[in-house]
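In: Sequence and predicted structure below; questions after.
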Number of protein chains: 2
Amino acid sequence: MTTDVATRWLTDAEQKVWRAYLLGSARLSERMDAHLRQFGIDLPEYDILVALSETPERRLRMSDLADAVHQSRSRLTHTVARMEADELVERVNCPTDRRGVWASLTDHGLELLETAAPTHVELVRRNFVEVAPAADYEAVGRVFSAIIALETTKS
Amino acid sequence: MTTDVATRWLTDAEQKVWRAYLLGSARLSERMDAHLRQFGIDLPEYDILVALSETPERRLRMSDLADAVHQSRSRLTHTVARMEADELVERVNCPTDRRGVWASLTDHGLELLETAAPTHVELVRRNFVEVAPAADYEAVGRVFSAIIALETTKS
């Protein structure tokens, strides 16, 4: 990024959206976390349970799990260790894959997910999916998909 | 929230947007934080500098600052203490307001903000404002404004 060109400051309208996003996304995270706290987990941990539950054998290589959820490898290692202490997941060495450690969903982890999921999903609906017209929600999908896609085209 | 009604699971399309948001917002935060780290601050700290810089006397009561930025009172207290150690802000007792502590922007804090702002704003443009058509960006504003507005109508 060069700094020798004139700064393209945000317009008032652009800034209003950026700030609404910063504040709204913080509020949304707080609400989701507050709900999941009663189950002893937070949103990143919930997402790990979901990702593991969706595989045929309820397990993923740690590197694939890091890709599936929005966490860095180092943060994921820390999170999974905590979840293992709570007996929600197990770390196992896969006999057919000497390279890496797998995270495996325990029966207890699956039960917790099944208990938390209905009210979690209802909260996602009320606090995100249905707060605005469906066309606006679809636009949100396009914007954040584009943000993700930038990953591969710029560092 | 009642649990005796059938769960309204997300459709595949709705889930795709929710996941794009979770992943995209995490990536966006990482990119903004990575840039600000070279100035020794993160995005919440940057927002505090901005909020203070926009007041006539470059200071805000802590309770008003908490409202202005997306942080809880307890987290804000912690963040401001750290920023005070870095001499970016000062906490002062206002003589005309015996009730509370104010956060005041230092000259050093203002200088750091002015140094970081041009490239920060350019990153916001490239990674958020301009990743999709303007109409989609405006829709994002409506969705997150609606999320914030829920605050007052439901607990």
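Out: Done, it's in. Residues are numbered from 1 along each chain as shown, chains lettered A, B, ... in the order given.

In: So is the longest helix along chain A next to chain B?
Out: Across chain A, the longest stretch assigned as helix under DSSP state H is helix A:12-37. Yes: counting by Cβ under 8 Å from any Cβ of the partner chain, contacts between helix A:12-37 and chain B involve A:13-14, A:16-18, A:20-28, A:30. Bear in mind the C-beta positions are built from the backbone N, C-alpha and C, glycine included.

In: what about burial for the residues you listed, which qualify?
Out: Neighbour-count burial (16 or more other Cβ atoms under 10 Å in any protein chain shown) applied to the residues of helix A:12-37 next to chain B gives A:Glu14, A:Val17, A:Trp18, A:Ala20, A:Tyr21, A:Leu22, A:Leu23, A:Gly24, A:Ser25, A:Ala26, A:Arg27, A:Leu28.

In: ok, which stretches of chain A are strands?
Out: Assigned by DSSP state E, the strands in chain A fall at A:59-61, A:89-93, A:101-105.

In: between the ones you listed, which one is nearest to chain B?
Out: strand A:59-61 (15.7 Å; Cβ to the nearest Cβ).

In: Please convert the buried ones among the residues of helix A:12-37 next to chain B to JSON lines, extending it with pLDDT and distance to A:Ala103.
Out: Below are these laid out as JSON lines (pLDDT from 0 to 100; distance: Cβ to Cβ, whole Å):
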{"residue": "A:Glu14", "pLDDT": "96", "distance to A:Ala103": "41"}
{"residue": "A:Val17", "pLDDT": "97", "distance to A:Ala103": "37"}
{"residue": "A:Trp18", "pLDDT": "96", "distance to A:Ala103": "35"}
{"residue": "A:Ala20", "pLDDT": "94", "distance to A:Ala103": "36"}
{"residue": "A:Tyr21", "pLDDT": "96", "distance to A:Ala103": "31"}
{"residue": "A:Leu22", "pLDDT": "93", "distance to A:Ala103": "32"}
{"residue": "A:Leu23", "pLDDT": "90", "distance to A:Ala103": "34"}
{"residue": "A:Gly24", "pLDDT": "94", "distance to A:Ala103": "31"}
{"residue": "A:Ser25", "pLDDT": "94", "distance to A:Ala103": "27"}
{"residue": "A:Ala26", "pLDDT": "89", "distance to A:Ala103": "28"}
{"residue": "A:Arg27", "pLDDT": "90", "distance to A:Ala103": "30"}
{"residue": "A:Leu28", "pLDDT": "94", "distance to A:Ala103": "26"}
